[in-house]
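Novice: Kindly generate the corresponding structure for this input.
(4 chains)
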2 protein chains.
Amino acid sequence: MAATMTDVARLANVSVSTVSYVLTGARPISGATRERVLAAIAELGYSPNAMARGLASRRSTLLGLLLPLGEDGVGATVSAFVNGAASAASAAGYHLTLNPVGADDAAPLRELASRRLLAGAALMAVRLDDPRVDVLRELGVPYVLIGRTRDTTGVSFVDIDFDTTMADAVEHLVGLGHRRVVYVNHSQDALAAGDGPTVRTAEAFARAMRVHGLEPVMVAVDDGAAHGRAAVEEALARDPGVTAFVSMNESATFGVLAALADRGLRVPQDVSVVSVVMAPAVAELAHPALTAMESPGAALGRLAVEALVDQLDRTDRRDADPADDKEVHQQLLPCTLRVRGTSGPVRS
Amino acid sequence: MAATMTDVARLANVSVSTVSYVLTGARPISGATRERVLAAIAELGYSPNAMARGLASRRSTLLGLLLPLGEDGVGATVSAFVNGAASAASAAGYHLTLNPVGADDAAPLRELASRRLLAGAALMAVRLDDPRVDVLRELGVPYVLIGRTRDTTGVSFVDIDFDTTMADAVEHLVGLGHRRVVYVNHSQDALAAGDGPTVRTAEAFARAMRVHGLEPVMVAVDDGAAHGRAAVEEALARDPGVTAFVSMNESATFGVLAALADRGLRVPQDVSVVSVVMAPAVAELAHPALTAMESPGAALGRLAVEALVDQLDRTDRRDADPADDKEVHQQLLPCTLRVRGTSGPVRS
DNA sequence: GCGCTTCGTCGAAGCGCTTCGACAATGACG
DNA sequence: CGTCATTGTCGAAGCGCTTCGACGAAGCGC
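Specialist: Just a heads-up that it's a prediction; the model follows:
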């Protein structure tokens, strides 16, 4: 049915290898021959078979995006990473596959990776100690992390600069006169499991507060608006005088806003709220719109995939220049403060 | 490096074809031999090469999810579809690839599809007249729509039942005494481009209103909270006496809420708002939480992929039973009404 | 004008698997 | 006890491509 390279070769009166060289550029081909081959390709509507090419060349155009997938979907913030990754992959001539592989069970990943379908992988929702990283290293599959493990020597990653982000958020509030700030983090479970953002923001928040000589108070709650409301209860119980909230929990943040409103606490007159690592579009949904440390969004996913593709290209011509084999790409992107309607001077 | 089938065969003292039969079950193999082969596989940590298998069998385990991807990511509602699809693919032994292919330019799709990398495709954001469908049909790539074209004869699809959804939403409001209801739809551009949900809800809303002898008023705005605010202005300009809003535009809905609050209109005492086709988690973010026609979420993506996989399986054994070749799967899922805090009796 | 490299092309050998036809060995049957 | 399926296994022929070695034809210097 579909034309093969043999058909093209016959029509152009050349051998199949010549057609291959025209397509891959692996060897020089004269202008006249090239023209003839390209004409034949156009006439037949030929397009190379990806499987055959992959088998023969031991190369693949598939990049795996490894991330745990619950039924609830991923928030808009995470979805931006995925989009960035998919677009970048597409632009580089690769295809992104979405692989629901969480850090809890690496067995499916071992299976997937050893089938040699993927040229490389990008990991999301990385934990401080992530078994998936070991599997990939062991199987020799190139990878890049979106996030990072505890020990980052020799591994490429792109992550959010949580230290700077949290410092800026706290700085903003302290500058407005706030001294009693509570951080609403992801769940205790995420903390215990060693989820990167959860642990790092917890530490970063504590550091940032201490820099200003303030006591860090953190509340860890599950995702979801309802749990955000609970966070307010708990925070007020622990410190009735709290004047500001910092929150990374996308859905819980909205619950925080709701709970404050229900208690008759006005935002930002009575209490300020700053959301960290949130997509602008989400921040706009709140009323008033959320002051937020805006996440780098699609750029994060894009940079990760670009780093991965770089690494693959480098591996291909490793022989040419064996030196740059284990070159790693490590990059931290800060979130940027965008003041909207939920932060203001502390009430006097 | 990695073990091949030849290695397994040698170790188990059988031919490679025997190993293949053990793996695929294409022919019966005696228990003893099977044991020996499986032992060898385990010992070598063998796992079949996906490319080689695909080339030889002319089959692939890749399913393409075709959807346009803007930089902003997809809302949580759409993300649920993607999740459902990815999980279902995984469960069926397939892999989902995320292909940014919009309805505007089908060329990249033609390229992608003719490389024979994909076993099948699922299309999202389907337009009434979608060129992607023609490309897939022409190239003989099995596909399923998440959404549907104008003419659905012979094509498999899974879509939301917009008629029922809209009828239920209007019914709910009319039951509360509302008679002046405005529908906030996606943009005029989406409408003009023939975006399925946009067009179908517009029609469904009009029908639903007329059933009750009411005049349908629709406002079309771009996505985004700011445009939701604009929608309120426009609605009030067209009918100052409006008492209820129906909205499908996820982000604009929040803008509607904000604009109403700013105007001193209380929800639901003064004005009711019903969101249609929205994920529960998103509805919970609003304050008060949104009364919504909740979208079927992950189920939609899951059913689509399952239908696609079914179709692929059927194609494989077409010879066995040539009858059921062009069997199509067409399914409409309704959204279900969940009353929360934004709808109430009309003010008297 | 001779050997020498360089350029452009070809043929053939795989890549690791599936699948088809063939063929012993086994059992069922009259 | 010969015949005919049936069952389990093997060998070989690809699937459609890449890649390597080879080789004729120029092109070069001397």
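Novice: C-alpha only now, for contacts and for neighbours.
Specialist: Noted.
Novice: Which residues of chain A lie near DNA strand C?
Specialist: Proximity of chain A to DNA strand C, by CA under 7 Å from any atom of the strand, involves residues A:13-18, A:27-34, A:52, A:55-57.
Novice: do that again at 6 Å, thanks
Specialist: Within chain A, the positions near DNA strand C by CA under 6 Å from any atom of the strand are A:Val14, A:Ser15, A:Ser17, A:Thr18, A:Arg27, A:Pro28, A:Ile29, A:Ser30, A:Thr33, A:Leu55, A:Ala56.
Novice: Between which two of those is the distance greatest?
Specialist: A:Ser30 and A:Leu55 (27.5 Å; CA to CA).
Novice: More neighbours: the two, which one.
Specialist: A:Leu55 (19 against 8; other CA atoms under 10 Å in any protein chain shown).
Novice: sec struct for the more buried one, please.
Specialist: helix (DSSP: H, G, I helix; E, B strand; the rest coil).
Novice: now do A:Ala52
Specialist: Reduced to three states by three-state DSSP, A:Ala52 is helix.
Novice: and it, what does it touch?
Specialist: Going by CA atoms under 8 Å, 6 or more residues apart in numbering or on different chains, A:Ala52 touches B:Met51, B:Ala52, B:Leu55.
Novice: In terms of distance to B:Val267, which of those residues ranks first?
Specialist: B:Met51 (57.9 Å).
Novice: for that closest one, what are its contacts?
Specialist: Listed by CA under 8 Å, 6+ apart, the contact partners of B:Met51 are A:Met51, A:Ala52, A:Gly54, A:Leu55, A:Arg116, A:Leu117.
Novice: 10 Å instead, please
Specialist: For B:Met51, the contact set (CA atoms under 10 Å, 6 or more residues apart in numbering or on different chains) comprises A:50-56, A:58-60, A:115-117, B:57-61, B:117.
Novice: Can you give me the domain assignment for chain A?
Specialist: Residue ranges for each domain of chain A read A:5-57, A:62-160+A:298-333, A:162-295, as given by automatic domain parsing.
Novice: part of a helix, is A:Ala26?
Specialist: No: under three-state DSSP, A:Ala26 falls outside any helix and is assigned coil.
Novice: looking at it, it is touching A:Ser57, isn't it?
Specialist: No: contact between A:Ala26 and A:Ser57 fails when scored by CA atoms under 10 Å: they sit 11.9 Å apart.
Novice: Close to chain B: what parts of the stretch 101-250 of chain A are there?
Specialist: Applying CA under 10 Å from any CA of the partner chain, we find that the stretch 101-250 of chain A lies next to chain B at A:101, A:108, A:110-118, A:139, A:223-226, A:250.
Novice: run the last query once more with 7 Å
Specialist: A:Ser114, A:Arg115, A:Arg116, A:Leu117, A:Ala225 (CA under 7 Å from any CA of the partner chain).
Novice: From those residues, pick the one nearest DNA strand C.
Specialist: A:Arg115 (7.9 Å; CA to the nearest atom of the strand).
Novice: what about that closest one, how many neighbours?
Specialist: By other CA under 10 Å, the residues close to A:Arg115 number 18.
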